[in-house]
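In: Have a look at this fold, sequence not included:
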């Protein structure tokens, strides 16, 4: 297996920005702006099978490290799980809640691909987002029906995506991860999962793993297929990986992502 073709974008001593493969002494291309150099580097990375892109500021210090390929791999894994689920859809259709589960799975898979496309987009409209764009999402009412705390956390996550927030990535991603944990704990309390599945896999802290919590929730809805559990588990893993990638970025002129890309998660 070939090594990743890692690249670095940095300021040149005599002016301009260079896009250089880390293992080479000479730059692959030179540009008048950092943005153009980054676009060229991303294009070359995609054509060469992926890799990391390190972006340095004018002071020479590392501002961010691109992890597009890691996210792509998690999406590929999600794709395999979804295809497997489709092959066994007849099993779900015979269950009262199966049809709804399949519909939601299809939408979620499409949302994941849309988020990936937004992340890898070379052309993003900038400076168009305003606080007026922070409208309720499709899951706002569902979260509020579970608990007021979840509702507040999600609204706080959306509020953090204000163009005026210089730390949007950390605020949004932290809240989103906490929401995942709370939802799983609400519908699959540790003691109940352990009581139902005493031989289940456990974490280092002795708690049931995420996969077994998902299995518990789905079985309570009459869905017991391994393919369904696999898809939901892979879907959560993909979203968490997406959050990890976004959390490593900052928005703005020196950052790797724009507000529009962050909002691709919240507003699919």
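Out: Yep, it's here. Predicted, not measured: the structure shown is a model, and the values here were computed from it.

In: Neighbours of residue 179, how many?
Out: 20 (other CB atoms under 10 Å). Glycine gets a C-beta too; all of them are placed from N, C-alpha and C.

In: what about it, distance to residue 24?
Out: Distance, residue 179 to residue 24, using CB to CB, to the nearest Å: 44 Å.

In: hey, where'd the helices end up in the stretch 51-200 of the chain?
Out: Using DSSP state H, counting those that start in this stretch, the helices of the stretch 51-200 of the chain run over 68-87, 89-93, 98-120, 140-146, 148-159, 168-187, 190-196.

In: what's the distance between the residue most central in space within the chain and residue 230?
Out: In the chain, the centroid-proximal residue (CA atoms, centre = their mean) is residue 242; its distance is 1.7 Å. Taking CB to CB as the measure, residue 242 falls 18 Å from residue 230.

In: And for residue 80?
Out: Residue 80 is 9 Å from residue 230, by CB to CB.

In: Need the distance between the two termini of stretch 202-221.
Out: Across stretch 202-221, the terminal residues are separated by 23 Å (CA to CA, to the nearest Å).

In: which of the residues in it are buried?
Out: For stretch 202-221, the neighbour count (16 or more other CB atoms under 10 Å) marks 207, 208, 210, 211, 212, 213, 214, 215, 216, 217, 218 as buried.

In: what distance separates it from the middle of the whole chain?
Out: On the basis of CA atoms, centre = their mean, to the nearest Å, stretch 202-221 sits 22 Å off its chain's mean C-alpha point.

In: Other residues contacting it?
Out: With contact meaning CB atoms under 8 Å, 6 or more residues apart in numbering, stretch 202-221 is reached by 97, 101, 184, 187-188, 190, 192-194, 196-197, 200-201, 224, 228-229, 232-233, 236.

In: Same check on stretch 6-25?
Out: Contacts for stretch 6-25 (CB under 8 Å, 6+ apart): 5, 26-34, 36-38, 40-41, 44-45, 51-58, 60.

In: If we use 7 Å, what do you get?
Out: Here stretch 6-25 makes contact (CB atoms under 7 Å, 6 or more residues apart in numbering) with 5, 27-34, 37-38, 40-41, 44-45, 51-56, 58, 60.

In: buried residues in it?
Out: Buried, per 16+ other CB under 10 Å, within stretch 6-25: 6, 7, 8, 9, 10, 11, 17, 18, 19, 20, 21.

In: Pick out whichever of those residues sits closest to residue 159.
Out: Closest to residue 159 out of the buried residues of stretch 6-25 is residue 9 (32.0 Å), distances taken as CB to CB.

In: Grab the nearest non-local neighbour of residue 109.
Out: In space, and not counting its chain neighbours, residue 109 is closest to residue 82: 4.8 Å by CB to CB, 6 or more residues apart in numbering.
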